[in-house]
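Enquirer: Based on what follows, work out the 3D shape:
(2 chains)
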Amino acid sequence: NAGVTQTPKFRVLKTGQSMTLLCAQDMNHEYMYWYRQDPGMGLRLIHYSVGEGTTAKGEVPDGYNVSRLKKQNFLLGLESAAPSQTSVYFCASSSQRGIYEQYFGPGTRLTVT
Amino acid sequence: AQSVTQLGSHVSVSEGALVLLRCNYSSSVPPYLFWYVQYPNQGLQLLLKYTTGATLVKGINGFEAEFKKSETSFHLTKPSAHMSDAAEYFCAVTVPSSNTGKLIFGQGTTLQVKP
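Expert: Sure, this is the predicted structure:
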């Protein structure tokens, strides 16, 4: 039982490049979330999903897209990376029964130059 | 709208001393409140939560927090700090009726424990 995994762990992009971050969970959780963590700002919700095939915007969705084609996977895409997207990205998931107990992945550290 | 304010971005205590991390919230409806901990280079882990019922809640690793509606606070305490408690701590709030599980996090407080 791996919990929540994120791929890759580190990435450096040039401005304008695109990439996809993968989040996978093996707990059969319905809910999944993408956050970004920046110093002094805590975690801010980018997008979330309440079930397979559904996505919704969080606090800071601009510049990101997401997809949840399979229940266990939640993809975060950056179409044209900007230096302001340099951050640590965390994925989390929770079950319908324990909706407020979120399980977090180890994070992806992204640098955009 | 909900919001969370954590007073003090850095708190330093000696090993064995009381730990007190402050959290105040703003919510137009009765909230659910949480404390998460983040150890270096790791994701967040739930420490404890308040939903309904008893206002003093106990969590893992000897931490506890008390929900005080009149003060809109949910401060985290531990009677005796251990070196392994050094981490970043986040307070979070949600609106239970939203049924989305969305959390609003505070800015975080880094706890340093000195030997």
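Enquirer: CA only for contacts and neighbour counts going forward, please
Expert: Fine.
Enquirer: near chain B, which residues of chain A?
Expert: Neighbours of chain B within chain A, by CA under 8 Å from any CA of the partner chain: A:31, A:40-45, A:50, A:90, A:94, A:99-107.
Enquirer: In chain B, what residue comes closest to chain A?
Expert: residue B:107 (3.9 Å; CA to the nearest CA).
Enquirer: which residues does the residue sitting nearest the centre point of chain B bridge with?
Expert: The centroid of chain B falls nearest to residue B:35 when counting by CA atoms, centre = their mean (3.2 Å). Counting by DSSP bridges, residue B:35 forms beta bridges with residue B:48, residue B:91.
Enquirer: Model confidence for it, exactly?
Expert: pLDDT recorded at residue B:35 is 97.
Enquirer: swap in the one 5 residues further on?
Expert: pLDDT, the model's per-residue confidence, is 89 for residue B:40.
Enquirer: ditto for residue B:100
Expert: At residue B:100, the pLDDT recorded in the model is 83.
Enquirer: cool, and residue A:78?
Expert: So residue A:78 comes in at 96 (pLDDT).
Enquirer: rewinding a little: measure the residue of chain B closest to chain A to residue A:49 for me?
Expert: Plainly put, residue B:107 is 24 Å away from residue A:49 if you go by CA to CA, to the nearest Å.
Enquirer: My guess is the residue of chain B closest to chain A contacts residue A:37. True?
Expert: No - taking contacts as CA atoms under 8 Å, residue B:107 lies outside contact range of residue A:37: 9.6 Å.
Enquirer: list residues touching both of these two?
Expert: Taking CA atoms under 8 Å, 6 or more residues apart in numbering or on different chains as the criterion, residue B:107 and residue A:37 both touch residue A:43.
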